[in-house]
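1. mind looking at a prediction? Sequence and model below.
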Amino acid sequence: MKILVVFLALLFAGAPSSVYDFKLKNIDGKNFDLKKYKGKKLLIVNVASKCGYTPQYTDLQKLADTYKDKLVVIGFPANNFGGQEPGTAEEIKTFCSGKYNVTFPLNEKVSVKGDDIAPLFKYLTEAENPDFTGEIKWNFEKFLIDENGKLIHRFRSKVTPMSEEITKYL
């Protein structure tokens, strides 16, 4: 029995326990640590500049501004769906700030599904939550993380950032 416990401990020692276990890079290529937001909720969103849902940037910024004392919105550009995020980091940054006045954090472009899925999104799509698990279906899916780094809700693209479906948790 003791050997089994030790084996299981070793087996799961490397498994992430929260979003704080991931090391990321921001849109400028600098290290970005989600731990700095411990104590606040996070809304992690896979974003794209050429998508029918792209106007959600406006509400994402409004959400970030409205709930800035208890929530941080973080965008992760991804080009997984119809090539809708083809730009470079600089082009994405310029587009977001110029067209939508985005000031919330943007991370480097990542893959959110497939064989090259970013580890954070692999964790988020597999983590237990009361909504659903599995592959991201399109751009602008949203993952609501609690103050301790745990996924508490997941929302499909059609759920708008300022909707009561999201704001009732803030």
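-> Received, thanks. Numbers count the residues shown, from 1 in each chain.

2. count the residues that sit near L170.
-> 13 (other Cβ atoms under 10 Å). For the C-beta atoms, the positions are set from N, CA and C on the backbone; glycine is no exception.

3. can you show me the strands along the chain?
-> 23-25, 31-33, 41-47, 71-77, 142-145, 151-155 (DSSP state E).

4. turn those strands into JSON lines, including mean pLDDT.
-> Below are these laid out as JSON lines (pLDDT from 0 to 100):
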{"stretch": "strand 23-25", "mean pLDDT": "93"}
{"stretch": "strand 31-33", "mean pLDDT": "93"}
{"stretch": "strand 41-47", "mean pLDDT": "98"}
{"stretch": "strand 71-77", "mean pLDDT": "98"}
{"stretch": "strand 142-145", "mean pLDDT": "98"}
{"stretch": "strand 151-155", "mean pLDDT": "96"}
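
5. L106: which of these is closest?
-> strand 71-77 (4.6 Å; Cβ to Cβ).

6. still on that earlier bit, what's the closest of the strands of the chain to Y123?
-> Among these, the nearest to Y123 by Cβ to Cβ is strand 151-155 (8.2 Å).

7. pLDDT-wise, which helix or strand of this protein ranks last?
-> Taking mean pLDDT, DSSP states H and E as the measure, the chain has helix 2-12 as its least confident helix or strand, at a mean of 46.

8. could the strands of the chain go into a markdown table alongside mean neighbour count and distance to D65?
-> Output for the strands of the chain, formatted as a markdown table (neighbours: other Cβ atoms under 10 Å; distance: least, Cβ to Cβ, whole Å):
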| stretch | mean neighbour count | distance to D65 |
| --- | --- | --- |
| strand 23-25 | 15 | 23 |
| strand 31-33 | 13 | 21 |
| strand 41-47 | 24 | 13 |
| strand 71-77 | 24 | 9 |
| strand 142-145 | 24 | 17 |
| strand 151-155 | 20 | 19 |
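
9. turn those into a markdown table, including distance to D116.
-> Shown next, in a markdown table, are those (distance: least, Cβ to Cβ, whole Å):
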| stretch | distance to D116 |
| --- | --- |
| strand 23-25 | 15 |
| strand 31-33 | 19 |
| strand 41-47 | 14 |
| strand 71-77 | 14 |
| strand 142-145 | 19 |
| strand 151-155 | 21 |
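
10. which residues does the residue nearest the centre of the chain form beta bridges with?
-> For the chain, I44 is the residue whose C-alpha lies nearest the centre (Cα atoms, centre = their mean; 2.4 Å). Counting by DSSP bridges, I44 forms beta bridges with I74, F143.

11. could you measure from it over to I74?
-> Counting by Cβ to Cβ, to the nearest Å, the gap between I44 and I74 amounts to 5 Å.
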